[in-house]
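[1] Generate coordinates for the sequence data below:
(chains A and B)
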Amino acid sequence: MPEKRRARTVVLAVLLLAVATACGTSATPGANGVDTRSASGAVGTPAGTIVELGSGLLMPMMKIWAAAYRQKVPGVTVSVNGGGSGLGIASAMDGKADIGASDAYLSSGDLVKAPSLLNIPLAVSAQLVIYNLPGLSQGSHVMLNGQVLAGMYDGTITRWNAPAIANLNPSLHLPDIKVVPVHRSDSSGDTFLFTSYLSTQDPVWNNDHGYGTTVAWPPVSAAIAASGSSTMLADCARIPGCVAYNGISYLTQTLADGLGYAALANSAGRYTLPTPTAIQAAVAPFVALTPPNETISLIDGPAAAGYPILNYEYAIVSTRQPDPAKASAVKAFLDWVITTGNSPTYVSQVNFRPLPPAVAILASQQISRIG
Amino acid sequence: MAPATTRRRILPAASHRSLAGRTPATLWMLMGVLVLLSLASGALSAWAVSQHSAAASSVAAVHEPLSLDAQQMYEAVADADVTITGSLLASQQPPQGQLQRYRADIAEAATSLADLKDAGANPQLTAAITAFSTGLPLYAGYVAQARDLYSVGYPLTGGSFLQVASEEAHLTLLPAAKTIYAQENAATSAASDQATGLPTVIVALVLALAAGFALYRAQRWLAHLTHRIFNYGLVGASIVLIVSVVWLVATFVVARSDLDTGLRQGARPAEALAQANIDVQQIRGDAILNVISRSGSTSFETDFSTVQAEIGPLLSAAAGNAQAAPYLAAAQRDAPAWYAANEQVYKLGASAQYQAERDMVIGIGPGSSAAGYNQLENDISQALAASQQTFRSGANSGASAFGPLEGVVIAAALLVAASSAGGLSRRIAEYR
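    A predicted model of the protein is given here:
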């Protein structure tokens, strides 16, 4: 009997090895030309559950990737949990998540406290400024700039038909309703991106409030605090006169809820929409600048035709995984995300853009450090 | 001196017969023992002198300057990062004075690094020096990139490069500089211990005393044998031996006392002050990191409390140098106000009052963290400089105290051996 069991074990091991080899060799150059296996050295059959926590903006994309990856590698489940970028970073720092998702790169403080953490870009995203203006057709877009948005959030602009907004939109008939600014109550990468934009465009906002994943919001009586991207969207859909910010991955739902999104002023003073072309144009000047650890702000860049609020969506991962099997599984998944997962088939579903090839190569180099 | 034949005649007949049989052999043996003892004592004394002199010289001329270089390297990088970050946060076009201070810091770090490049073959030290030399140009490159982006009006992208630069400083350069300083400090302590250690000198003295005792016994024995009080060769050897031993002891006492004073009043206070300075730089650097860290919730408040608690005892441990005392007193007086300013900084940061926090950290008005830092850092640096001067002076004086001693003990040993041999060979000749 023991011999029989041993023989069965050997056969099983050979079969597993064959499957492992097949999975390993199936990796092909992906959307950005990065060869998964040669880049990170992640081979073998990863198995188990990868826990992802963090960015609500990245969550819709991560769900699509997780489902597709499960089909490709049935042994691996990516558990997508959301919770906000702040939670994503904190969870990656204390080991509660294998992947912390964040719209913002790691701060210097985080990195100095946890030097084993990496911020690895997974895709290019943009942020929408959304509003609930009854009577305004969805095909038209209110034009807004940082100063006007700062005024709406600090309570100096209280009506939608206020001259500051109307002057920017002479062709639109703006309703005479109260401005209801909605902001995030949790530590949020979306807040980081939005307040970064306000800070670059409005020196007063920069001086008085600055930017961050959390900020001291001005005390505006009409303001509403929402926890999470979905709540932000739901609140805005519920309240006429709302102005809010949310990731482009929620665009479909935004439109379905009857909300509009703004054309935003960029550094050249042009009003642009978050189209694939405008996002592509905006990210281009930053590609060569991106440093090896890929910490870079893409807000309000120099491209004249570029959309001003965009960012790399980051996976926050520790180079020191609890065991080789987990390290291998995380590496294989991230490698797949920045290659196959970056193809338009996937990223276009949530209006993301693929990583530029040079950025994907840096990402691949970072992934190879996970061990 | 009487002719040998005359001397032989005065020996009693029985003694003469007996001694004629074994005395020459004994005398030859005695001569061998004395020559060997004096040469061995001289060689060991010369070796001890050369070891101590070399150790004292290397403390003064090599280790202390290298330790100072390592400490300055840490301080230069910490100050460079604080200066450039603070000035770019305050203005997209930093004032020339701040830029010059940043450039001077980088130049000082590079100069100190060049001095340290051949500091030793210790693998930890070599690795740290390599990390620092690779990281310094990277750091300066990121700062240059940040400055370019700030100057063309992209403060956020410039800010992220400033973050990358600070990360390079805090994760690579400062830890490497700290390791180099710790290694150099340990090397200075080891060299100081060698310069002030006693074992080799004691062994040399024991050997010299043995030679002296052998000379004394030989003279007693010869006096008894020949009824002549003095053997001039052995008397001469004894005098030379006594002079060389007194010289050796006096020099060691003086050198050790000078070095000991330098260590007690200079090196030890300097070590405590250097650590206090590193702690002050760390608190300042962390406060700046807190200002530029807007994408996470990490706070350095706990680290601030821990490091702050170390500074007071370090300042107390640095007492004992009269020249440093006024600066030390000033540091102890100025520290609490700076701690209070930092506590306020962390409170502002925790409540997301970023502008007020930034003003408190980089503003130079009275009561600001920056003003308090400049004051405290200046106090500690002055106290440190005074302590280092005391150490340098003690180490130099200790090293120079050895003077020509090495040559003296060698010459003395040769003279003792020659005189002993000369004195005894005359007695041996009486038996031919």
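[2] drop to CA atoms for contacts and neighbour counts, all remaining ones
    Noted.
[3] Got the confidence number for whichever residue of the stretch 51-200 of chain A sits closest to chain B?
    Closest approach of the stretch 51-200 of chain A to chain B (C-alpha to the nearest C-alpha) occurs at A:Ser107, with a separation of 4.7 Å. A:Ser107 is assigned 86 on the pLDDT scale.
[4] Now look at the helix or strand hosting B:Leu66 and say if it contacts chain A.
    Using DSSP states H and E, B:Leu66 sits within helix B:64-90. No - using C-alpha under 8 Å from any C-alpha of the partner chain, helix B:64-90 never reaches chain A; the gap is at least 10.6 Å.
[5] tell me what that helix is packed against?
    Where contact means 3 or more C-alpha pairs under 8 Å, 6 or more residues apart in numbering or on different chains; DSSP states H and E, helix B:64-90 is packed against helix B:96-116, helix B:123-151, helix B:174-196, helix B:268-292, helix B:354-362.
[6] Now render those helices as a markdown table, adding distance to A:Pro170.
    Output for the helices and strands packed on helix B:64-90, formatted as a markdown table (distance: least, C-alpha to C-alpha, whole Å):
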| stretch | distance to A:Pro170 |
| --- | --- |
| helix B:96-116 | 46 |
| helix B:123-151 | 34 |
| helix B:174-196 | 56 |
| helix B:268-292 | 39 |
| helix B:354-362 | 35 |
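[7] Figure out which of those helices is closest to B:Leu328.
    helix B:268-292 (9.0 Å; C-alpha to C-alpha).
[8] Can you name the next helix or strand after that closest one?
    Counting by DSSP H and E, the next helix or strand C-terminal to helix B:268-292 is helix B:301-317.
[9] In that next one, which residues have enough neighbours to count as buried?
    B:301, B:304, B:307-308, B:311-312, B:314-315 (16 or more other C-alpha atoms under 10 Å in any protein chain shown).
[10] Of the residues you listed, which ones also sit close to chain A?
    Answer for these near chain A: none qualify (C-alpha under 8 Å from any C-alpha).
[11] For residue 10, report the pLDDT, please.
    Defaulting to chain A. 39.
[12] Sorry, I should have been clearer: chain B.
    Looking at B:Ile10, the pLDDT reads 45.
[13] Likewise for B:Gly233?
    Looking at B:Gly233, its pLDDT reads 85.
[14] show me the contacts for it.
    When contacts are counted by C-alpha atoms under 8 Å, 6 or more residues apart in numbering or on different chains, B:Gly233 is found next to B:419-424.
[15] at 6 Å instead, please
    B:419-420, B:422-423 (C-alpha atoms under 6 Å, 6 or more residues apart in numbering or on different chains).
[16] got it, and A:Ser102?
    A:55, A:85, A:314.
[17] just to revisit the earlier point, for the helices and strands packed on helix B:64-90, which one sits closest to A:Lys96?
    That would be helix B:268-292 among those, by C-alpha to C-alpha, at 23.9 Å.
[18] Against which helices or strands is that closest one packed?
    Helix B:268-292 is packed against helix B:301-317, helix B:369-401, with contacts defined by 3 or more C-alpha pairs under 6 Å, 6 or more residues apart in numbering or on different chains; DSSP states H and E.
[19] That helix to helix B:174-196, inter-axis angle?
    Counting by axes from the mean of the first three to the mean of the last three C-alpha atoms, to 10 degrees, helix B:268-292 lies at 180 degrees to helix B:174-196.
[20] Could you find the closest non-adjacent residue to A:Ile99?
    Spatial nearest neighbour of A:Ile99, excluding adjacent residues (C-alpha to C-alpha, 6 or more residues apart in numbering or on different chains): A:Glu52 at 4.7 Å.
[21] Help me confirm that the one you found is found in a helix?
    No - applying DSSP: H, G, I helix; E, B strand; the rest coil, one finds A:Glu52 to be strand, outside a helix.
[22] from what I can see it touches A:Ala92, true?
    No - using C-alpha atoms under 6 Å, A:Glu52 is not in contact with A:Ala92, being 8.9 Å away.
[23] joint contacts of those two?
    Joint contacts of A:Glu52 and A:Ala92 (C-alpha under 6 Å, 6+ apart) are A:Gly100.
[24] Grab the nearest non-local neighbour of whichever residue of the stretch 51-200 of chain B sits closest to chain A.
    Closest residue of the stretch 51-200 of chain B to chain A, C-alpha to the nearest C-alpha: B:Thr157 (4.8 Å). Excluding its sequence neighbours, the residue lying closest to B:Thr157 (C-alpha to C-alpha, 6+ apart) is A:Ser297, at 4.8 Å.
[25] next one: phi and psi at the one you found?
    phi -90, psi 130 (degrees, to the nearest 10).
[26] mind listing what it touches?
    Going by C-alpha under 6 Å, 6+ apart, A:Ser297 touches B:156-157, B:160.
[27] before we move on, the earlier item: can you give me phi and psi for the residue of the stretch 51-200 of chain A closest to chain B?
    phi -80, psi 160.
[28] The one 10 residues further on now?
    A:Leu117 has phi and psi values of phi -80, psi 140 when expressed as degrees, to the nearest 10.
[29] That one - how many residues pack around it?
    A:Leu117: 21 surrounding residues under other C-alpha atoms under 10 Å in any protein chain shown.
[30] for it, what are its contacts?
    A:317-318.
[31] what does the model give it for pLDDT?
    95.
[32] now B:Thr6
    40.
[33] likewise B:Ser295?
    Listed pLDDT for B:Ser295 reads 67.
[34] B:Ala55 against B:Ala190, yeah?
    No - if you go by C-alpha under 6 Å, B:Ala55 and B:Ala190 don't touch, sitting 9.1 Å apart.
[35] the more surrounded of the two?
    Using other C-alpha under 10 Å as the criterion, B:Ala55 and B:Ala190 rank with B:Ala55 on top: 24 against 15.
[36] Can you get me a residue count around the nearest residue to the more buried one once chain neighbours are set aside?
    Closest residue to B:Ala55 apart from its sequence neighbours, by C-alpha to C-alpha, 6+ apart: B:Ala195 at 5.0 Å. By other C-alpha under 10 Å, the residues close to B:Ala195 number 28.
[37] hmm, back to that, most neighbours out of the contacts of A:Ser102, which is it?
    Highest count within the contacts of A:Ser102 by other C-alpha under 10 Å belongs to A:Ser85, 35 neighbours.
[38] so what's that one up against?
    Residues near A:Ser85 by C-alpha under 6 Å, 6+ apart: A:54-55, A:102, A:188-189.
[39] Turn these into TSV, including pLDDT.
    Shown next, in TSV, are these (pLDDT from 0 to 100):
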residue	pLDDT
A:Gly54	92
A:Ser55	90
A:Ser102	92
A:Ser188	89
A:Gly189	90
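[40] which one of those residues is nearest A:Val76?
    Using C-alpha to C-alpha, A:Gly54 is the member of those that lies nearest A:Val76, at 19.5 Å.
[41] you'd agree the closest one is up against A:Gly83?
    Yes - look at A:Gly54 against A:Gly83 with C-alpha under 6 Å: they come within range, at 4.8 Å.
[42] In terms of pLDDT, where does the nearest residue to A:Asn206 once chain neighbours are set aside sit?
    Spatial nearest neighbour of A:Asn206, chain neighbours left out: A:Ser199 (4.3 Å); criterion: C-alpha to C-alpha, 6+ apart. The per-residue pLDDT reported for A:Ser199 equals 93.
[43] Tell me how many other residues crowd A:Ser199.
    23.
[44] That one and B:Met29: what is the separation?
    97 Å (C-alpha to C-alpha, to the nearest Å).
[45] likewise B:Ser57?
    In terms of C-alpha to C-alpha, B:Ser57 sits 41 Å off from B:Met29.
[46] So if I had to pick from the two, which one is more boxed in?
    Neighbour count, other C-alpha under 10 Å: between B:Ser57 and B:Met29, B:Ser57 has more, with 22 against 12.
[47] Now do the longest helix anywhere in chain B: which elements does it pack against?
    If each helix of chain B is counted by residues according to DSSP state H, the longest one is helix B:13-58. Counting contacts by 3+ C-alpha pairs under 6 Å, 6+ apart, helix B:13-58 is packed against helix B:174-196, helix B:199-226, helix B:369-401, helix B:405-429.
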